[in-house]
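[1] Got a sequence here, can you build the structure:
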Amino acid sequence: MVQSANLKEAKERGGRLSYPTRVKLTKALSVFILIACASCVYPFFASFKSNVATFGGPVLMGDVISETDVPKETLDKIIVAYLPANSSITLTKKYLYNLLKKRVGIIDVEIDDIPVVIEAKSENEISNEEKRNEISEDTISDVVLKELHTHYPDGTTFNLKSQTGKVIDHDSYSITVYATTKSSPFVRVTLQKGGRIVGYVTLQYNAILLRKVAIANRRIEKGEIIGINDVRYEEVNIYSLTKIPTLEEDLPMMANKVFSKDEVIDMKYLSEVPPVIKGQIIKAYSNIGGISVSILAQALENGYVGNVIRIKNQDNGSIINGTVEEDGTIKVFEGK
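    As a prediction, the model looks like this:
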């Protein structure tokens, strides 16, 4: 066997293998690693739509994904944007990927330069399918609610606001759902007989989806890091909001505006916590003549990876500049 021969050769050479043998073993190991990696898979995958038509209101991650194995309940908790009626927004796939990655970890997503365009129409028709059977006054509510639930996330409830028209003699019907906002869907049931329209029944609903969102416990200044002790969580109907709410799993984040006490924390005005925060004592280093010299310094400003920031040498008080590294250390410019 090859293995036995290699061991015999190694013993004869005092534990050392010949160069040709080492090359063969290296190649064999490389093949093994490639095979092992080929069997590795991402926990989840997802692909994004290029164009999305929706109602006005919060846009959920599930609205912009065309195919995925991420659980639906997870997608329904991720709000990617807020759109009023008659407006549109363009998002990058990298932005959506980062939101998704924050919730599910590593995920296989093809990211290209094609943007995701989301349009909220003032009156968006989402269903108009003819049914070759009949409904009655007793069953119309259940039929309409079943249709509405196919277009809303799980957990959504619907309260009937008004109903006009009556169910009259018919042999088929169709259901059309309209909405200017997700909070107020409007349903029209068209009754037909012998291929002719004989009547309408219209129903107006309030749509409710409760989520625990972050509300400021105190005034939060711009640049502050918002943690779990700075907010409280209250259940609100996210369809009634005009902002992107911050959920329990989103914090900590950094505030990019001032938030008043009792204000809903809008994700639009938050950013990821930088690895270096103003006032933090951090390690800084410089390579001088091939020798690495390190000091303790105080950050004079926030810094993300790759940013050049000012720091204060703790030993002599001098102000120097350096680049933020991935591990949160600062690489000081040579000669500074």
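
[2] The stretch 101-250 of the chain: helices as residue ranges?
    All helices of the stretch 101-250 of the chain, identified by DSSP state H, counting those that start in this stretch, fall at 140-149.

[3] what about T323, neighbour count?
    Using other C-beta atoms under 10 Å, T323 has 15 neighbouring residues. For glycine as for every other residue, the C-beta is placed from the backbone atoms N, C-alpha and C.

[4] Just want the angle from the strand ranked longest in the chain to helix 140-149.
    When the chain is parsed with DSSP state E, its longest strand is strand 196-208. Orientation check (axes from the mean of the first three to the mean of the last three C-alpha atoms, to 10 degrees): strand 196-208 against helix 140-149 gives 60 degrees.

[5] ok, strand 196-208: who's next to it in the sheet?
    Strand 196-208 has the following sheet partners, assigned by DSSP bridges: strand 157-164 (antiparallel), strand 185-193 (antiparallel).

[6] Tally up the residues packed near the residue nearest to S271 when sequence neighbours are not counted, please.
    Excluding the flanking residues, the one nearest S271 by C-beta to C-beta, 6 or more residues apart in numbering is M254, at 5.2 Å. Look at M254: counted by other C-beta under 10 Å, it has 17 neighbours.

[7] quick one, what contacts M254?
    Neighbour list for M254: G223, E224, I225, I226, L270, S271, E272, V273, P274, N302 [criterion: C-beta atoms under 8 Å, 6 or more residues apart in numbering].

[8] My guess is the first one contacts G279. True?
    No: counting by C-beta atoms under 8 Å, G223 sits too far from G279 to count as a contact (10.6 Å).

[9] which among the contacts of M254 gets closest to T68?
    E272 (23.2 Å; C-beta to C-beta).

[10] Can you show me the strands along the stretch 101-250 of the chain?
    Assigned by DSSP state E, counting those that start in this stretch, the stretch 101-250 of the chain shows strands spanning 107-109, 116-120, 128-131, 157-164, 172-179, 185-193, 196-208, 210-216, 225-226, 231-237.

[11] quick one, which of the ones you listed is nearest to N51?
    Short answer: strand 116-120, nearest of the strands of the stretch 101-250 of the chain by C-beta to C-beta, at 5.2 Å.

[12] Can you give the strand pairings for the closest one, parallel or anti for each?
    Paired strands of strand 116-120, defined by DSSP bridges, are strand 51-54 (parallel), strand 87-91 (antiparallel).

[13] Please compute how far the longest one lies from its chain's middle.
    Read that as strand 87-91. Distance of strand 87-91 from the chain centroid (C-alpha atoms, centre = their mean, to the nearest Å) equals 16 Å.

[14] which ones are touching V80?
    Neighbour list for V80: V59, L60, M61, D63, V64, L91, Y95, L96, L99, I244 [criterion: C-beta under 8 Å, 6+ apart].

[15] swap the cut-off to 6 Å and go again
    By C-beta atoms under 6 Å, 6 or more residues apart in numbering, V80 lies in contact with V59, M61.

[16] For it, give me the pLDDT.
    As predicted, V80 sits at a pLDDT of 92.

[17] That one: which element?
    In this structure, V80 sits in strand 79-83 according to DSSP states H and E.

[18] Just give me how far that strand sits from the chain centre.
    Remark: strand 79-83 is offset 10 Å from the chain centroid, using C-alpha atoms, centre = their mean.

[19] on that earlier part again, quick check: beta-bridge partners of the residue nearest to S271?
    Bridge pairing for M254 (DSSP bridges) gives the partners I225, S271.

[20] before we move on, what about P245?
    In beta-bridge terms (that is, DSSP bridges), P245 pairs with D266.

[21] Could you say which helix or strand holds the most centrally placed residue in the chain?
    For the chain, the residue nearest the mean C-alpha position is L99 (2.6 Å; C-alpha atoms, centre = their mean). Per DSSP H and E, L99 falls inside helix 93-104.

[22] residues contacting Y152?
    Listed by C-beta under 6 Å, 6+ apart, the contact set of Y152 is empty.

[23] List phi and psi for it.
    Here is the backbone geometry of Y152 (degrees, to the nearest 10): phi -130, psi 160.

[24] Make residue 1 into 14 and carry on from there
    Fine by me, first position is 14 from now on; the one you just mentioned is Y165.

[25] Check the gap between it and K107 for me.
    Remark: distance between Y165 and K107 (C-beta to C-beta, to the nearest Å) = 28 Å.

[26] Over to K134?
    In this view, K134 and K107 are 26 Å apart by C-beta to C-beta.

[27] Compare these two and say which is more crowded by neighbours.
    Set side by side, K134 and K107 show more neighbours around K134, with 18 against 12, by other C-beta under 10 Å.

[28] Tell me the confidence at the more buried one?
    Looking at K134, the pLDDT reads 77.

[29] burial count for the nearest residue to it once chain neighbours are set aside?
    Spatial nearest neighbour of K134, chain neighbours left out: A66 (6.4 Å); criterion: C-beta to C-beta, 6+ apart. A66 has 15 neighbouring residues, counting by other C-beta under 10 Å.

[30] any idea how far G303 is from A66?
    A66 is 61 Å from G303, by C-beta to C-beta.

[31] If anything else comes up later, I'll come back, but that's it for now.
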